[in-house]
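Chemist: I need the structure of the sequence given here:
(one chain, ligands or ions: 1)
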Amino acid sequence: MESKNHTNIVHNQDARSILKFISPEIKVRTTITSPPYYDMKDYDSDNQIGYGQTYENYLEDLKSIFGSIYKITEEDGSLWIIIDTFKRNSQVVTLPFDLSNKIKEVGWLLQDIIIWKKDKTVPWSNNGFMQRKFEYILFFTKATKYKSNKDKVRVYDTSNLKQWWVKYPERYNPKGKALDEIWEFPIPIQGSWGDKYIRHFCPLPKDMVATMIQISTDENDIVLDPFAGSGTVLSQSAYMKRNYIGFELNKKYIEMFESYITRTFETGRLEYEKFNNSPSQDQFEKTILELRALKFARVLLTSIQNATSFKQFKIIVEIDQKSELSNKLIKVTYKFVGDYDKDTFLNIINKNIIIPPLSKFGIEPSFIFQDIAELDTNGCYGYTQTNTHSFVKDIALSSTKVRVLSKICVDINEKDYL
Ligand SMILES: C[S@@+](CC[C@H](N)C(=O)[O-])C[C@H]1O[C@@H](n2cnc3c(N)ncnc32)[C@H](O)[C@@H]1O
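Modeler: Okay, the predicted model is just below:
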């Protein structure tokens, strides 16, 4: 028998005997798997689940396997199952939901149902007159409190965001947009895995697996796949400095996986390091906070102008530091210069900063009233009453058109993000 304590290993064993091969000291942080199809595909080994079984026995076997996995999962751990419906006797069999109900009985809590939108699907999964373009991802957790590194998988690539992040920075989380429930990942092209590799699998897209690993685990955690197949989950875990344990009945697949990981490990690890050290999320956060600080001044300026006859004043914006308040992100100082009446202004300001939109900016503001003679525009960029995402060029800072001044320099052309 193989050593019970080993990680970074694929057991050539039946997933039904998981507990015999993993000792109780081992705690899995997440399991990511796509179970064998029900009775549609011969994976070419004895004892395989699905092929040749009744639907009831198939569900019972899966329930027992996910029940064993529950026992060896960390308290804050999770389970991702990629699974599809299929057709029998001219009717849809709701496998994802049947399985979900079954494994609730062994303790798993269903947290999310995600649609994996792909551009193609396996030929035999024609469900009717419409083309099948998606599969289900079921996300379960062991407890109601669970590990979820959701900030790590936010979308902050500005080419993937709607262009209004420029004009409405207060509506975007500075760390990026949260993932939604529809994930788009094309299925890997046959052959992209090497000549002999994966002739008839449905390997999972590696970026999709990376997303799940990123959400549910930290480095050095253990990731399990009881139906390893081509080993996408295992190899991705290794690239991402996680430990893996796999089970797979077909020895040939294990051999192929081992040769694949030897060939690709270095590139996979480099890709992960590059992604992990990429400064773009910090950059996006900085830009969003700067846009918010500037726009806050502009909104304030407009509300004061609408409520008073003071038209000739400027606001100087200085970002100070992170806010300590739980519902605010940054401290910003707003200095008023020019034509103003301090008490009237403070009255309007205090009314406005506690209601939307200004209360939603995540800004803890402070206000200073300065004499125009004290105005120091050295190193400042000027913005107008209608645009604080692109500083004005060829206009003197003293011009009446320049209403907001700051050392913050943003120059974003929203058309670049259409
Ligand atoms: C849908 S495939 C997994 C594909 C995999 N996610 C990938 O990315 O390549 C299911 C796998 O489960 C394996 N399998 C079937 N019955 C099994 C059992 N009882 N124990 C372990 N593996 C089994 C099959 O040989 C097949 O490789």
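Chemist: next up, the contacts around the closest residue to the ligand within the stretch 201-350 of the chain.
Modeler: Closest contact between the stretch 201-350 of the chain and the ligand, by C-beta to the nearest ligand atom, is at Gly229 (2.7 Å). Yep, even glycine has a C-beta here, placed from its N, CA and C like the rest. Shown in contact with Gly229 (C-beta atoms under 8 Å, 6 or more residues apart in numbering): Ser34, Phe201, Pro203, Glu248, Tyr253.
Chemist: neighbours of Glu255, how many?
Modeler: 12 (other C-beta atoms under 10 Å).
Chemist: check which residues of the helix or strand where it lies are buried.
Modeler: Using DSSP states H and E, the secondary-structure element containing Glu255 is helix 251-276. Neighbour-count burial for helix 251-276, counted by 16 or more other C-beta atoms under 10 Å, picks out Tyr253, Ile254, Met256, Phe257, Tyr260, Ile261, Thr264, Gly268, Glu271, Tyr272.
Chemist: same check on stretch 287-304?
Modeler: Neighbour-count burial for stretch 287-304 flags 287-301, 303-304 (criterion: 16+ other C-beta under 10 Å).
Chemist: ok, stretch 411-418 next?
Modeler: Those would be Ile412, for stretch 411-418 by 16+ other C-beta under 10 Å.
Chemist: out of the contacts of Gly229, which are close to the ligand?
Modeler: Restricting the contacts of Gly229 to those near the ligand by C-beta under 6 Å from any ligand atom leaves Ser34, Phe201, Pro203, Glu248, Tyr253.
Chemist: residues in contact with the spatially most central residue of the chain?
Modeler: The centroid of the chain falls nearest to Val153 when counting by C-alpha atoms, centre = their mean (2.4 Å). Shown in contact with Val153 (C-beta under 8 Å, 6+ apart): Leu179, Thr211, Gln214, Ile215.
Chemist: from the ligand, how far out is it?
Modeler: 20 Å (C-beta to the nearest ligand atom, to the nearest Å).
Chemist: circling back: return a PyMOL selection command for the buried portion of the contacts of Val153.
Modeler: A single PyMOL command selects the buried members of those (16+ other C-beta under 10 Å):
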select buried, resi 211+214+215
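Chemist: now for the contacts of Val153: which two are most distant?
Modeler: Maximum pairwise distance in the contacts of Val153, criterion C-beta to C-beta, is 10.3 Å, between Leu179 and Gln214.
Chemist: can you name the residues that contact Phe361?
Modeler: Taking C-beta under 8 Å, 6+ apart, one finds Glu170, Arg292, Lys295, Phe296 in contact with Phe361.
Chemist: repeat for Ile81
Modeler: Residues in contact with Ile81, defined by C-beta under 8 Å, 6+ apart, are Thr33, Ser34, Pro35, Phe66, Pro96, Leu99, Ile137, Leu138, Phe140.
Chemist: so what does the longest helix along the chain touch, helix or strand wise?
Modeler: The longest helix of the chain (DSSP state H) is helix 280-307. Judged by 3 or more C-beta pairs under 8 Å, 6 or more residues apart in numbering; DSSP states H and E, the packing partners of helix 280-307 are strand 313-322, strand 330-338, helix 342-352, strand 363-369, strand 404-406.
Chemist: what angle separates that helix from strand 313-322?
Modeler: Here the directions of helix 280-307 and strand 313-322 differ by 150 degrees (axes from the mean of the first three to the mean of the last three C-alpha atoms, to 10 degrees).
Chemist: close to the ligand: what parts of the stretch 301-418 of the chain are there?
Modeler: Checking the stretch 301-418 of the chain against the ligand by C-beta under 6 Å from any ligand atom, there are no hits.
Chemist: now the stretch 301-418 of the chain against the ligand: closest residue?
Modeler: Relative to the ligand, the nearest point of the stretch 301-418 of the chain is Tyr417 (35.0 Å; C-beta to the nearest ligand atom).
Chemist: and for the closest residue to that residue other than its chain neighbours, the neighbour number?
Modeler: Spatial nearest neighbour of Tyr417, excluding adjacent residues (C-beta to C-beta, 6 or more residues apart in numbering): Gln163 at 4.0 Å. By the criterion of other C-beta under 10 Å, Gln163 has 15 neighbours.
Chemist: residue ranges with poor pLDDT in this protein?
Modeler: Applying pLDDT under 70 to the chain picks out residues 1-5, 120-129, 189-201, 418.
Chemist: show me where it has its helices.
Modeler: 18-21, 55-71, 95-104, 206-216, 232-239, 251-276, 280-307, 342-352.
Chemist: pull out the buried residues from the fourth one.
Modeler: For helix 206-216, a neighbour-count test (16+ other C-beta under 10 Å) marks Lys206, Met208, Val209, Ala210, Thr211, Met212, Ile213, Gln214, Ile215, Ser216 as buried.
Chemist: is it true that Lys147 touches Thr217?
Modeler: Yes: using C-beta atoms under 8 Å, Lys147 is in contact with Thr217, at 7.2 Å.
Chemist: buried sites along stretch 142-152?
Modeler: Neighbour-count burial for stretch 142-152 flags Lys142, Tyr146, Lys147 (criterion: 16+ other C-beta under 10 Å).
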